[in-house]
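Student: Kindly generate the corresponding structure for this input.
(2 chains)
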Amino acid sequence: AQKITQTQPGMFVQEKEAVTLDCTYDTSDPSYGLFWYKQPSSGEMIFLIYQGSYDQQNATEGRYSLNFQKARKSANLVISASQLGDSAMYFCAMRVDTGGGNKLTFGTGTQLKVEL
Amino acid sequence: ETGVTQTPRHLVMGMTNKKSLKCEQHLGHNAMYWYKQSAKKPLELMFVYNFKEQTENNSVPSRFSPECPNSSHLFLHLHTLQPEDSALYLCASSSRQGKKSGGARTDTQYFGPGTRLTVL
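Tutor: As a prediction, the model looks like this:
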């Protein structure tokens, strides 16, 4: 069975600073994908970034980067130059590739608050 | 309209009512999903449809009845719900293919804004 663990229920960061949101995962499948989503108070889940288990380099998308450490089974999200609009819930999710299907397993999320 | 839309955004219903949630995707995808998000719990996958065929029912009670008339529309019919069914219901869509396209796989799931359901 797959499992995603996000150990930080809440995080605070000063505007313009960088912040790291932790995510560890557990799977015995060698082929998998890791996703981060942002959920503002409005409710919509916004896709941020994806990392494949065979990708050689860490994924980056604008101010978002994913610190992928395969041996440690961690996929931390780094947000650089935080903005007030980054305040939201952040979810880490995983999909394993064998067995077909496109089922995501989500973590419990981290509430990020960006302060002035 | 772009992306994934859901209506209504908010719904309050009694336990004896029948209501339906609607989801529409404008992304040309062929897979659609229903998720339930309860307070302080991870998102739970409820149903998956691929090319209008249901391929996943994650042990959801029969008081939730999905319908997928075509690849762009997904409904969730609700009847005789319980107060513990109060939650945010999220719809998502994706392609079936898992090829890389830019920074993400083409089967990345994109979500709608959700329907916040309250059962009295």
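
Student: doesn't residue B:52 make contact with residue B:70?
Tutor: Yes. With contact defined as CB atoms under 8 Å, residue B:70 counts as touching residue B:52 (6.2 Å). The C-beta positions use only the backbone N, C-alpha and C, and glycine is treated the same way.

Student: Counting neighbours, what do you get for residue B:105?
Tutor: 21 (other CB atoms under 10 Å in any protein chain shown).

Student: so how far is stretch A:74-94 from its chain's centroid?
Tutor: 6 Å (CA atoms, centre = their mean, to the nearest Å).

Student: same question, stretch A:107-116
Tutor: The answer for stretch A:107-116 is 12 Å, by CA atoms, centre = their mean.

Student: any residues touching it, and which ones?
Tutor: A:4-6, A:8-15, A:19, A:21-23, A:39, A:79, A:82-93, B:40-42 (CB atoms under 8 Å, 6 or more residues apart in numbering or on different chains).

Student: So if I had to pick from residue B:70 and residue B:52, which one is more boxed in?
Tutor: residue B:52 (16 against 10).

Student: Distance of the more buried one relative to residue B:89?
Tutor: Distance, residue B:52 to residue B:89, using CB to CB, to the nearest Å: 20 Å.

Student: Identify the bridge partners of the residue positioned nearest the centre of chain B.
Tutor: The centroid of chain B falls nearest to residue B:34 when counting by CA atoms, centre = their mean (2.5 Å). Following DSSP bridges, residue B:34 is listed with bridge partners residue B:47, residue B:91.

Student: Over to residue A:13?
Tutor: Beta-bridge pairing for residue A:13 (DSSP bridges): residue A:114.

Student: Just to check, it is in contact with residue A:78?
Tutor: No. With contact defined as CB under 8 Å, residue A:13 does not count as touching residue A:78 (11.2 Å).

Student: Overlap in contacts, those two.
Tutor: residue A:19.

Student: Quick check: closest non-adjacent residue to residue B:81.
Tutor: residue B:119 (4.6 Å; CB to CB, 6 or more residues apart in numbering or on different chains).

Student: So for the one you found, what's the pLDDT?
Tutor: On the pLDDT scale, residue B:119 is placed at 95.

Student: show me the contacts for residue 87.
Tutor: Since you didn't name a chain, this refers to chain A. So residue A:87 contacts A:40, A:112-114 (CB under 8 Å, 6+ apart).

Student: please go with chain B instead
Tutor: When contacts are taken as CB under 8 Å, 6+ apart, residue B:87 is in contact with B:36-39, B:117.

Student: isn't residue B:30 right up against residue B:53?
Tutor: No. Counting by CB under 8 Å, residue B:30 stays clear of residue B:53, with 10.3 Å between them.

Student: okay, those two: which has more neighbours?
Tutor: Neighbours per residue, other CB under 10 Å: of residue B:30 and residue B:53, the larger number sits with residue B:30, 18 against 8.

Student: ok, now how distant is the more buried one from chain A?
Tutor: 11 Å (CB to the nearest CB, to the nearest Å).

Student: burial of residue A:46, as a residue count?
Tutor: 14.

Student: Residue A:36 is in contact with residue A:92, isn't it?
Tutor: Yes. With contact defined as CB under 8 Å, residue A:36 counts as touching residue A:92 (5.8 Å).
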